[in-house]
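1. compute the structure for the input listed below.
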Amino acid sequence: MVVKRIVKNTIQWSLIFLTAIILAICMRVFLFVAYSVSTSSMEPAIIAGDKVLVNKLIPGPRIIRNFFSLHKGEKPDVKRLKGYRKIRRNDVLIFNFPYSKWGRLQMDMNVFYAKRCVAVPGDTFWIENGIYKVKHSMEVLGNRDEQEQLAAKDSNELAPIVYNCFPHNKHFGWTMKKFGPLYLPRKNEAIQIDTMNVLLYKWLITYETDRKIAIRNGNVYLSDSLITNYTFQQNYYFMAGDYVLDSQDSRYWGLLPEDHIVGKVAFIWNPKDKQAGKIRWKRFLKAVK
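-> You can find the predicted model right below:
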């Protein structure tokens, strides 16, 4: 009887332990996941050292079906499950950095960024004297105080590597104070392509097709095929850090593909001061807005 009781208890506790592990994995994959933010680019909303909880239901849990093949250079095969709602302007998101290899859009599973979405698919975004704007919208985008501080600065005060922006081409001459207009493609939307705007979208098209863009004799070619328009396979977003003067964001590397997005930052759950080694209790469980 004693042996049977021990076996029975062992089985019961093993089942409880296994169930707990499965539930934890399911929650991490489908609902919530925690990340540590190490940079100051999202201050004051997120301070360096904060750990944040990310809601995957916005825009929906992301399943990478060929996860273990990504290190071989394979393009990610992403399935996005139905979420609670779509991404909105001013949502703070966690995403895989798309340009670990400069000049090539590629998902890096080891590098995650936290930035604020200031423009969504279908928007036309621009920066006017440092202030973020979207066509047909009066919404305040990002950290307006920081943008106004930038507006007050003379361009000579800013180093060229900081001041000059995407697509880093003299024909556009976009800067952190004067940028755009830039249209954000929507999934299944066809956009006319010419020798000028292809400079804005070439890395997106190359990422989606695994084919190179080239300009020859005033025409745009995708591999050896002449193209005059292109239908995008997914949605794209413009991401910006709240600390406007020091943030490696879409102003420098371009648009973010939706398949790179993990989810929306919900709140701060472990706001640790790195230097003092203490928890900032006033920020504990603070919602990120």
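2. residue 140 versus the residue nearest in space to the middle of the chain, what's the distance?
-> The centre of the chain sits closest to residue 95, judged by CA atoms, centre = their mean, with a distance of 4.0 Å. Going from residue 95 to residue 140 by CB to CB, to the nearest Å gives 22 Å. Heads up, the C-betas are built off the backbone N, CA and C, glycines and all.
3. just say helix, strand or coil for the residue nearest to the centre of the chain.
-> Three-state call for residue 95 (DSSP: H, G, I helix; E, B strand; the rest coil): strand.
4. dump the residue contacts of it.
-> By CB atoms under 8 Å, 6 or more residues apart in numbering, residue 95 lies in contact with 112, 113, 115, 239, 256, 260, 261, 262.
5. lowest-confidence entry in those?
-> On pLDDT alone, residue 112 ranks lowest of those, at 92.
6. from what I see, that residue and residue 97 are in contact.
-> Yes - judged on CB atoms under 8 Å, residue 112 makes contact with residue 97 at a distance of 7.0 Å.
7. after the worst-scoring helix or strand of the chain on mean pLDDT, which helix or strand is next? Please name it.
-> Sorted by mean pLDDT, DSSP states H and E, the helices and strands of the chain end with helix 2-30, the least confident at a mean of 61. Going down the chain from helix 2-30, the next helix or strand is strand 32-36, by DSSP states H and E.
8. starting at the chain centroid, how far to that following strand?
-> Counting by CA atoms, centre = their mean, to the nearest Å, strand 32-36 is centred 15 Å from the centre of its parent chain.
9. could you list the low-pLDDT ranges of the chain?
-> 1-31, 71-73 (pLDDT under 70).
10. show me the helices in it, by range?
-> 2-30, 144-152, 160-163, 198-209, 250-253 (DSSP state H).
11. tell me the helices and strands packed up against the fourth one.
-> In this case it means helix 198-209. Contacts defined by 3 or more CB pairs under 8 Å, 6 or more residues apart in numbering; DSSP states H and E place helix 198-209 against strand 213-216, strand 219-222.
12. identify the residues contacting the closest residue to residue 203 other than its chain neighbours.
-> Excluding the flanking residues, the one nearest residue 203 by CB to CB, 6 or more residues apart in numbering is residue 105, at 4.5 Å. By CB under 8 Å, 6+ apart, the contact set of residue 105 is 98, 99, 203, 204, 206, 207, 257.
13. ok, of the residues you listed, which come out buried?
-> 98, 99, 203, 204, 207, 257 (16 or more other CB atoms under 10 Å).
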